[in-house]
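> I would like the atomic coordinates for the input below:
(chains A and B)
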There are 2 protein chains.
Amino acid sequence: MKLASLKAGGRDGTLIVVSRDLQRAVLAPAIAVTLQAALDDWDVVSAGLQDLAASLEAGPVEGEFPFDPAAVASPLPRAYHWVDGSAYVNHVELVRKARGAEMPESFWHEPLVYQGGSDDFLGPLDDIPVPSEEFGIDMEAETAVITDDVAMGTSPEDAGKHVKLLMILNDVSLRNLIPGELAKGFGFYQSKPSTAFSPVAVTPDELGDAYGDGTVRLPLITHLNGEIFGQPDCGTDMTFNFNQLIAHVTKTRRLGAGAIVGSGTISNYDRSKGSSCIAEKRMLETIEDGKPSMPFMSFGDTVRIEMLDKDGNSIFGAIDQKVVKA
Amino acid sequence: MKLASLKAGGRDGTLIVVSRDLQRAVLAPAIAVTLQAALDDWDVVSAGLQDLAASLEAGPVEGEFPFDPAAVASPLPRAYHWVDGSAYVNHVELVRKARGAEMPESFWHEPLVYQGGSDDFLGPLDDIPVPSEEFGIDMEAETAVITDDVAMGTSPEDAGKHVKLLMILNDVSLRNLIPGELAKGFGFYQSKPSTAFSPVAVTPDELGDAYGDGTVRLPLITHLNGEIFGQPDCGTDMTFNFNQLIAHVTKTRRLGAGAIVGSGTISNYDRSKGSSCIAEKRMLETIEDGKPSMPFMSFGDTVRIEMLDKDGNSIFGAIDQKVVKA
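Have a look, this model is predicted:
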């Protein structure tokens, strides 16, 4: 099934069930009012949502209305936990190579993650407000999973069953603020403003064979100002799958229901696939030409991120955002 | 007024108003069911809560019951945003000095903050579950504020009015996991397990003259295994006050209502005041003796953190926790 949250009814939005073709939707007030409420009680609630989704797929249902991606927030408009990995280690290797540094061997064996801010996600079609172009505005096209409660010390083998929903996302990054923040040693904060997620979150079965072993096996397509920028395959060169990321992040803590775990920027060794962020493109330019030539984003620039199934149908709907002055 | 959350009614607990002496409490179902709900609509809801608190202070109210700190979760059992500063820069200076490194001059001018995990806070009397003593288990005694909505680009001058509630906290830290995580460059994650907050959160007026200019001006008292460990004054040597921290964290993002902003470990240059974490004690030993002698916490060890007003009364109630094997 596919779920979304209308920008209505409160800070957590209003849960709707969306048809597979993203054309029709229906409220589910008798089952759960918000997606967070559904996740808080998923074992009880999800069957009812699945039934409603099946009815919607089968034909007209009472109260259905056209699905409008402009009317929705991120599936979780705010969340209690957002941790983003950097699971495509070849991307990290590139970052280091571009600045002439070796990447520690351990990066191939232990996931790199950062804790993100989760109180104020952007909707999939919302503008990206940034105070200054000087901050080095960039997108990062990624995939993510939403979990139920996950106990401390969960193994990769046991982690898979905790993946309840999948999304795609734009992990907006302010590149020129990153070196200063990372030099201070405490990780990202100002350099990672609000993140935007896809119009809908989907259960893993919606991807069929294209999801398994904690890995999405389809290209994630990024357009910059209407032109194709990258379409790397999410199932290729993913060093740590979602099950491994979940095991890593539960080493010393529980995850509460509704926790979001991200993959990090999708990146393939096959450079003909393009990139999922401008920073990677600039690194490739630096390695080839000694310096980057492509600029970061300007006010007015747009980014579109989407994933299509094998028949060319959008799975999550498109993230389609414009950068604006805050 | 003083507010707390019973461990009952759901994942966000059940809001109660607590008497100033922490002896009596009353539910507020007609006003707000949870503290997060109250914060989501603070301008409308807080007056009703203030009225109820005034009634409770004036005498018996219908439905009141004895306040039991063991029955409460953290005031926000889970939150959408938890960002912790390191506002007592002399503590950071000590960390560097102990490992023979210079601290960048910029640390005196720009706050250091990290994004914390906020989906699973511990209650004030809850055990601290840790998988292994080898992780280097430590407490950090701190103060924190809870904000309402704060716009991007808020100045320190405008930040003060967004401070709605104050708490004290134990920022549990796993010292032996920190060097590896910080070396990877993405900040803390596994090294910062679930945080515990005080039994009650209080409005700034509850501190009277002891709160102003974004600064608490009272000692924060830490006991380790029943013995006094430190009582540094929160108003001394705080390089960045809460108003400055809020301005820093809203440079590139909004804060949503219920965001928690922490001070970092309280630390005074006057070493006779003791420390708020074992790591600082070990740094002082290293600087004096060439090596640390005090061990980190073992399973069974207890930590108690409390703040008393000028008459010796507990303001927030005590955090009193035991470390146990997860």
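
> let me see the mean pLDDT of the top helix by length along chain A.
Looking only at chain A and at elements set by DSSP state H, the helix with the highest residue count is helix A:42-58. Looking at helix A:42-58 alone, the average pLDDT works out to 98.

> do stretch A:93-105 as well
83.

> only alpha carbons, please: show it as CSV.
Only the C-alpha atoms of stretch A:93-105 are listed here, as CSV (Å, rounded to 0.1, in the frame of the first residue of the first chain):
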residue,chain,number,x,y,z
GLU,A,93,36.0,7.4,-1.4
LEU,A,94,35.5,10.0,-4.1
VAL,A,95,35.1,12.8,-1.5
ARG,A,96,38.4,11.8,0.0
LYS,A,97,40.1,11.3,-3.4
ALA,A,98,39.1,14.8,-4.5
ARG,A,99,40.9,16.3,-1.6
GLY,A,100,43.9,14.0,-1.9
ALA,A,101,43.1,12.1,1.3
GLU,A,102,43.1,8.3,1.9
MET,A,103,39.9,6.8,3.1
PRO,A,104,40.3,4.5,6.2
GLU,A,105,39.9,0.8,5.4
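
> buried residues, that stretch. List them.
Neighbour counts using 16 or more other CB atoms under 10 Å in any protein chain shown place A:93-95, A:97-98 of stretch A:93-105 among the buried residues. (Each C-beta comes from the backbone N, C-alpha and C, glycine too.)

> can the longest helix of chain A be said to contact chain B?
No. Helix A:42-58 lies apart from chain B when judged by CB under 8 Å from any CB of the partner chain; the minimum separation is 12.4 Å.

> distance from that helix to the middle of the chain?
How far helix A:42-58 lies from its chain's middle: 24 Å, per CA atoms, centre = their mean, to the nearest Å.

> can you pull the contacts of the closest residue to residue A:303 other than its chain neighbours?
Nearest residue to residue A:303, sequence neighbours excluded (CB to CB, 6 or more residues apart in numbering or on different chains): residue A:139, at 4.4 Å. Residue A:139 is in contact with A:170-173, A:222, A:224, A:276-278, A:297, A:303, A:305, counting by CB atoms under 8 Å, 6 or more residues apart in numbering or on different chains.

> now do 7 Å
A:170, A:172, A:222, A:277, A:303 (CB atoms under 7 Å, 6 or more residues apart in numbering or on different chains).

> chain center to the helix or strand encompassing the third one: distance?
Per DSSP states H and E, residue A:222 falls inside strand A:221-224. Centre-to-centre, strand A:221-224 and its host chain are 14 Å apart (CA atoms, centre = their mean).

> residue in chain A with the shortest distance to chain B?
Of all residues in chain A, residue A:187 sits closest to chain B, at 1.9 Å by CB to the nearest CB.

> so that residue makes contact with residue B:187?
Yes. If you go by CB atoms under 7 Å, residue A:187 and residue B:187 touch, sitting 1.9 Å apart.

> common neighbours of these two, please.
A:114, B:114.

> coming back round to it: which positions in the longest helix of chain A come out as buried?
By neighbour count with 16+ other CB under 10 Å, helix A:42-58 contains the buried residues A:42, A:45-46, A:49, A:52-53, A:56.

> farthest-apart pair in the buried residues of stretch A:93-105, please.
The span of the buried residues of stretch A:93-105, defined through CB to CB, is set by A:93 and A:98 at 9.7 Å.

> what's the most distant pair in the buried residues of helix A:42-58?
Pairwise over those, using CB to CB, the maximum falls at A:42 and A:56, 19.3 Å.

> any idea how far residue B:150 is from the residue nearest to residue A:303?
Remark: distance between residue A:139 and residue B:150 (CB to CB, to the nearest Å) = 25 Å.

> so what's residue A:211 closest to, chain neighbours aside?
That would be residue A:204: by CB to CB, 6+ apart, it lies 4.8 Å from residue A:211.
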